[in-house]
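Peer 1: Got a sequence here, can you model it:
(6 chains)
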Number of protein chains: 6
Amino acid sequence: MRPSGRTLGQIRPVTITRQFTTHAEGSVLIEFGDTKVICTATVEVGVPRFLKGQGKGWVTAEYGMLPRSTHTRMRREAASGKQSGRTLEISRLIARALRAAVDLKALGENTISVDCDVIQADGGTRTAAITGACVALVDALNYMRAKDIIKTNPLKHMIAAVSVGIYKGEPVADLDYPEDSAADTDMNVVMTDTGKLIEVQGTAEEEPFSFEEMQAMLELAKNGINELFDLQKAALS
Amino acid sequence: MRPSGRTLGQIRPVTITRQFTTHAEGSVLIEFGDTKVICTATVEVGVPRFLKGQGKGWVTAEYGMLPRSTHTRMRREAASGKQSGRTLEISRLIARALRAAVDLKALGENTISVDCDVIQADGGTRTAAITGACVALVDALNYMRAKDIIKTNPLKHMIAAVSVGIYKGEPVADLDYPEDSAADTDMNVVMTDTGKLIEVQGTAEEEPFSFEEMQAMLELAKNGINELFDLQKAALS
Amino acid sequence: MRPSGRTLGQIRPVTITRQFTTHAEGSVLIEFGDTKVICTATVEVGVPRFLKGQGKGWVTAEYGMLPRSTHTRMRREAASGKQSGRTLEISRLIARALRAAVDLKALGENTISVDCDVIQADGGTRTAAITGACVALVDALNYMRAKDIIKTNPLKHMIAAVSVGIYKGEPVADLDYPEDSAADTDMNVVMTDTGKLIEVQGTAEEEPFSFEEMQAMLELAKNGINELFDLQKAALS
Amino acid sequence: MRPSGRTLGQIRPVTITRQFTTHAEGSVLIEFGDTKVICTATVEVGVPRFLKGQGKGWVTAEYGMLPRSTHTRMRREAASGKQSGRTLEISRLIARALRAAVDLKALGENTISVDCDVIQADGGTRTAAITGACVALVDALNYMRAKDIIKTNPLKHMIAAVSVGIYKGEPVADLDYPEDSAADTDMNVVMTDTGKLIEVQGTAEEEPFSFEEMQAMLELAKNGINELFDLQKAALS
Amino acid sequence: MRPSGRTLGQIRPVTITRQFTTHAEGSVLIEFGDTKVICTATVEVGVPRFLKGQGKGWVTAEYGMLPRSTHTRMRREAASGKQSGRTLEISRLIARALRAAVDLKALGENTISVDCDVIQADGGTRTAAITGACVALVDALNYMRAKDIIKTNPLKHMIAAVSVGIYKGEPVADLDYPEDSAADTDMNVVMTDTGKLIEVQGTAEEEPFSFEEMQAMLELAKNGINELFDLQKAALS
Amino acid sequence: MRPSGRTLGQIRPVTITRQFTTHAEGSVLIEFGDTKVICTATVEVGVPRFLKGQGKGWVTAEYGMLPRSTHTRMRREAASGKQSGRTLEISRLIARALRAAVDLKALGENTISVDCDVIQADGGTRTAAITGACVALVDALNYMRAKDIIKTNPLKHMIAAVSVGIYKGEPVADLDYPEDSAADTDMNVVMTDTGKLIEVQGTAEEEPFSFEEMQAMLELAKNGINELFDLQKAALS
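Peer 2: Numbers count the residues shown, from 1 in each chain, chains lettered A, B, ... in the order given. Next up, the predicted model:
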């Protein structure tokens, strides 16, 4: 039933390439099928002004798409002079999710900035970004420990994310672009590898969804994300 | 246990004042306790460029806060030259929710713009805004029918929204500011009066939440929103 | 002769509601007939950079209109990314007028920011804003004395403002929208309760005006403003 | 008593140089003592969107200062990305004053844009700008008649402007920078050569001013402006 | 003498990967050593307003750097709200160079937009971008011919570019970052495969350069660029 | 052959007027024929943040055009809210060229900002600006020595600039607007009075140029610039 021939709960092939670029403390190319996102983590001394002097660190994130990562060219946000609401919303989501993975006290007064830049889009860019960003974050934290910038590992747990939705009346996992653009409901789920939820964002694009559909989608998400944790761990080992 | 003395599922006193200002086709002051939002609906002929010639209408929304609606003064967004990510995110949420309530075909090539301006904030401004905006929208649609701009009523169902969360380990409904700023998890739920979900946005602010907590929060949201539907209907009758 | 049936020098019914919102140190809803403006005064420690270390305080103001405070919806200035020349001009006028009422030395290195937000417009929004802002300012100064932030009252005198104009060849006071949009000349006058002038801004919209007309308008303004001083004092007592 | 040794009502030496630059339809360098402003008038076919199809023309104006026209360098507005409130306020004032001099119907659907750029500032830049802009406007209107773009002369009357103020307790005309920065009150007056008022903008910078002082300032303004009309006419003959 | 051990005229290893991403009509990853740039060419019907109705096409280009393509993270231009002068200057350079390669008449009223996004920077990003962009442009033109959008091939000649400079007193070709940041002079040269010059931009960073040094640099550039033409042709065959 | 009747290498009459305005430490009006640019140099204590504490000074520059300095009116950049790529590119060019003339160590922690504002444009505005800016810079440096702000003269050599190009197949010097808009190639050359090159920026507008044409243009530039050095020295003596 799915355009790609996948089963309802089947996620796309995922590849995670570490050290994709050379300058960043963490640099990951993550691919969810044809969706490709470069995630780089930058370590900087110091924290934003509102946190100064509290002995805590900060994790932030920015999301962007190359103008022709999509079917038709989008206007370059740097040229139009502002980031769209969608861009800001996704940046905030990624940043919140990553902060939920880190003990900011253990990070000291340091900041990790994660940039997620989509070079090719085929649905699910924000969930791919979160999943890849977590790996880049781990590399950056390992760099900090190796350089003795921090004494203990601030990572509380891994996080990963997948999109689920109602497509042609059925719950499906990891929607690609043809499914995403036709789905009744789209839901992004971020989880910890300890089995808990970090974010649930479900939206009825066309048709309201029932509590039962909500349950079915959450179930698919849990299974898909568990597969992603295995892939993250394999990439990091 | 709650600072306000409310029971876990109890929402704040809600008042809905229609015709609050005189120029708008729909104008509502909604109060969720000390949270006060002015919601105005404006009817305009024509649609945005991307919809022209398709025989469909459009519903959009913008959210804003007066600079001193909060405990300390926030910088005026018009003066700083841009809307924050939070503002854009909430504007997009309100607009999506309202569009899910309207048959855009039946609206014809007309646009309804809903402005939600917070004059006093005490937690839950976005859910109050959605609940009040729906009433303003109904007034605007009634105006259009009275003026014969549309032939049939495009309203598919009422919508309303409430926030729920995990506060001191317990699920609670309609968090006020003291609860909101201390909650582990915050979730906004938008529903139809036909018992279905439009939006679910749950975020772990401090601690990840379990699937069981998610269920408990959804249950509280359903009950709270059903009370709001009664209040909307009373206001409109 | 006037659309409202008022006599030439008659101002509209004015109501002044203090403590309109709860967070601000001064919060006033002022109504000049159907014109309604929320004026809040915020007290903040410190002064802008150009004043630092001089032992003086600062008073500033910002003006805004809700998008649908007017007959047709105006674009939200926060969304368009800049404030119009009209908005900035009125903000500067209000701020200058308020500063003329305060002994900045006696204020110490503190700043009072007054926000004037129009929720419904029917002509004369800037003069209503100034008149209401002065009451909010007084409440903020009283707050500062009660909290021992300042030792003496920095208020030099009350200020209030009214618009006057030439409408159908006759001088009139406190123009409402139907008069304002048809007037030959429009003049805004700000005075002290000691009988002196703070600002006079007269503009020939259609026809130049004579020195005699100027005199007649000033006379009406003086009388109207004196009524406003009585209303301010009643509200503050 | 005046730093320059002038009598109370004496304006500075004024020179008006026409055809100062070659491209513009009207181009004037006006000097009020050490204040120097380039005023160019540009004729363009067509009108702004809000006037289309009404058979009327438009006159607009923009004001700017070169960064080092002042004692210390000001930040270039093009570089800071926005025009200050002061700049916009003066631009609006000049444009309004010029429109009051022109029969827009007789102008046809054409626009005249007047740019007033201060190359050296010593007080009174806005009044010099208005006085010079009117001469540039006349040249542009003469160009239009010579080219048969318009059939009749749309000029209703000449306009000119001067600043007056209360300096050390005395009313003075055409304040230079040392006076302007120390004056209690500053008032800009725009008049027609038919003896009527176009704009009166008086501001108490330090001390409120009395109705008698207002009268005295208006009297000085009338005399000074009448001298300017003679100088404009000499320049144009 | 060179940090990389290269001879004075030796360029870095260059790889050109076509079809790097799937959506664009032309998509190239070009690598000059550790400098990596994604160049995508987008074909769109229509031309910018200033060209409408002239029967000619347009070629434009935009340049950007991912925030962590460099040694330390740069602020994201989309977030800061404007593109730097350097970014705009390079965008203009690339666009001018590409337009010099195309017969705009033969392109018809179509636009090709080329995006050059640096994912890893090690000196020479603009010359790598031009060299890769030309290959992406050729692919886009071939796409247009295959789709019968154009009848003849508008390509007049290939273009390619290399940087040259004076490093430690010697002329060198294709400077990498360690050389670039220490060079006395830096010059970018764009040529056609017919042996002519399109752009020469030489800048004395530290020391002025002699006419003889200019000659020596041009000679190195010619040789380096000729190697690039061979690599482009191999990639396209 | 040239529209102006000049010989191929003949530059236009050049006049340099020092002390053109009164406030700036250096103020020059430079005229290359009908091209007129005001260049002012401002001395300020302190340096930009990235240079603090290094004991070095800074020289920067900004370029602008009055809206009607050109044949048709251009939009005012301060009003459009951003500077064009062309403006930024020329500002960067002028600043780089001036820095190449100054020993920044000898300047101490001071900044010189040079503003180049075109009041009338007839081709070659950037080269006129550089040539005039150098004279204004010398005046500012002399001011600093006279005020004992610096101990030694930081000027390493004079700089001047001229444009050259290929017009109707022939190399010409100092192109005016009719030539510039029809030239095949346009090249701007900045030199020191010690006979070396600071900047060479050649662009094929229509036709690529040969290495021989490049040589011929450089030769014309050298001769033209040498004439400019004589004129600068005469103006400064």
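
Peer 1: is any part of the lengthiest helix in chain A close to chain B?
Peer 2: When chain A is parsed with DSSP state H, its longest helix is helix A:211-236. Yes. On the criterion C-beta under 8 Å from any C-beta of the partner chain, helix A:211-236 is in touch with chain B at A:F211, A:M214, A:L218, A:K222. Yep, even glycine has a C-beta here, placed from its N, CA and C like the rest.

Peer 1: go on, stretch A:99-108?
Peer 2: Yes. Stretch A:99-108 reaches chain B (C-beta under 8 Å from any C-beta) through A:A100.

Peer 1: buried stuff in that stretch?
Peer 2: Residues A:R99, A:A100, A:A101, A:V102, A:L104, A:A106, A:L107, A:G108 are the ones in stretch A:99-108 that count as buried (16 or more other C-beta atoms under 10 Å in any protein chain shown).

Peer 1: Need those residues in CSV (columns: pLDDT).
Peer 2: CSV is the format used below for these (pLDDT from 0 to 100):
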residue, pLDDT
A:R99, 97
A:A100, 95
A:A101, 96
A:V102, 97
A:L104, 97
A:A106, 97
A:L107, 97
A:G108, 97
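
Peer 1: so where's chain A shaky on pLDDT?
Peer 2: By pLDDT under 70, chain A contains no weakly predicted segment.

Peer 1: Nearest to chain C: which residue in it?
Peer 2: A:K82 (7.3 Å; C-beta to the nearest C-beta).

Peer 1: Looks to me like that residue is in a strand.
Peer 2: No. Assessed with DSSP: H, G, I helix; E, B strand; the rest coil, A:K82 is coil; it does not lie in a strand.

Peer 1: residues contacting it?
Peer 2: Applying C-beta atoms under 8 Å, 6 or more residues apart in numbering or on different chains to A:K82 gives the contacts B:K82, C:G81, E:A78, E:G81.

Peer 1: Find the nearest non-adjacent residue to the spatially most central residue of chain A, please.
Peer 2: Closest to where the C-alpha atoms of chain A average out (C-alpha atoms, centre = their mean) is A:I130, at 1.2 Å. Of all residues not flanking A:I130 in the chain, A:A161 sits nearest, at 4.0 Å (C-beta to C-beta, 6 or more residues apart in numbering or on different chains).

Peer 1: so which strand or helix has that neighbour?
Peer 2: Element membership of A:A161 [criterion: DSSP states H and E] is strand A:159-167.

Peer 1: do the same with A:L93
Peer 2: Using DSSP H and E, A:L93 sits within helix A:85-99.

Peer 1: Next SSE downstream of that helix?
Peer 2: Note on helix A:85-99: by DSSP H and E, the next helix or strand toward the C-terminus is strand A:110-120.

Peer 1: Quick one: name the residues of chain A near chain E.
Peer 2: Residues of chain A found near chain E (C-beta under 8 Å from any C-beta) are A:21-24, A:27, A:34, A:36, A:38, A:40, A:42, A:44, A:62, A:64, A:66-73, A:76-79, A:81-83, A:87, A:113, A:115, A:117, A:119-121.

Peer 1: which parts of chain A sit against chain F?
Peer 2: Close to chain F, as judged by C-beta under 8 Å from any C-beta, chain A has residues A:G81.

Peer 1: Burial check on the closest residue to A:Q10 other than its chain neighbours, number of neighbours?
Peer 2: Of all residues not flanking A:Q10 in the chain, A:A173 sits nearest, at 6.7 Å (C-beta to C-beta, 6+ apart). A:A173 has 27 neighbouring residues, counting by other C-beta atoms under 10 Å in any protein chain shown.

Peer 1: what's the span of stretch A:94-105, first residue to last?
Peer 2: Distance between the two ends of stretch A:94-105: 20 Å, counting by C-alpha to C-alpha, to the nearest Å.

Peer 1: how about A:G46, what does it touch?
Peer 2: A:G46 makes contact with A:E109, A:N110, A:T111 under the criterion C-beta under 8 Å, 6+ apart.

Peer 1: and which of the residues you listed is nearest chain B?
Peer 2: A:T111 (17.9 Å).

Peer 1: which residues touch the residue nearest to A:T35 when sequence neighbours are not counted?
Peer 2: Spatial nearest neighbour of A:T35, chain neighbours left out: A:D122 (4.6 Å); criterion: C-beta to C-beta, 6+ apart. Neighbouring residues of A:D122 by C-beta under 8 Å, 6+ apart: A:F32, A:G33, A:D34, A:T35, A:D176, A:Y177.

Peer 1: just A:V59 next, same as before
Peer 2: Counting by C-beta under 8 Å, 6+ apart, A:V59 has contacts A:A95, A:L98, A:R99, A:V102, A:L104, A:L107, A:T111, A:I112, A:S113, A:V114, A:L137.

Peer 1: likewise A:T203?
Peer 2: A:T203 is in contact with A:T185, A:D186, A:M187, B:R96, B:I198, B:E199, counting by C-beta under 8 Å, 6+ apart.

Peer 1: can you count the residues close to A:T22?
Peer 2: 12.

Peer 1: For it, grab phi and psi.
Peer 2: Main-chain dihedrals, A:T22, degrees, to the nearest 10: phi -100, psi -30.

Peer 1: Next one: the residue of chain A most remote from its centre from A:V59, what distance?
Peer 2: Distance from the C-alpha centroid of chain A, by C-alpha atoms, centre = their mean, peaks at A:G53 (29.8 Å). Counting by C-beta to C-beta, to the nearest Å, the gap from A:G53 to A:V59 is 18 Å.

Peer 1: May I see the ChimeraX selection of the buried members of the contacts of A:G46?
Peer 2: Applying 16+ other C-beta under 10 Å to these, the buried members can be selected in ChimeraX as follows:
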select /A:109,110,111
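
Peer 1: Which two among the buried residues of stretch A:99-108 are spaced furthest apart?
Peer 2: Distance extremes for the buried residues of stretch A:99-108: the farthest pair is A:A100 and A:G108 at 18.5 Å, using C-beta to C-beta.

Peer 1: one step back: now the contacts of A:T203 in TSV, with secondary structure?
Peer 2: Below are the contacts of A:T203 laid out as TSV (three-state DSSP):
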residue	secondary structure
A:T185	strand
A:D186	strand
A:M187	strand
B:R96	helix
B:I198	strand
B:E199	strand
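
Peer 1: which of the residues you listed lies closest to chain D?
Peer 2: Nearest to chain D out of the contacts of A:T203 is B:R96 (C-beta to the nearest C-beta; 31.4 Å).

Peer 1: For the closest one, which residues are in contact?
Peer 2: Shown in contact with B:R96 (C-beta under 8 Å, 6+ apart): A:T203, B:I198, B:E199.

Peer 1: Can you give the distance of the strand holding A:A161 from its chain's centre?
Peer 2: Chain-centre distance of strand A:159-167: 11 Å, with C-alpha atoms, centre = their mean, to the nearest Å.

Peer 1: Stretch A:61-79 too?
Peer 2: 17 Å.

Peer 1: before we move on, what about stretch A:43-50?
Peer 2: Its chain's C-alpha centre and that of stretch A:43-50 lie 22 Å apart, by C-alpha atoms, centre = their mean.
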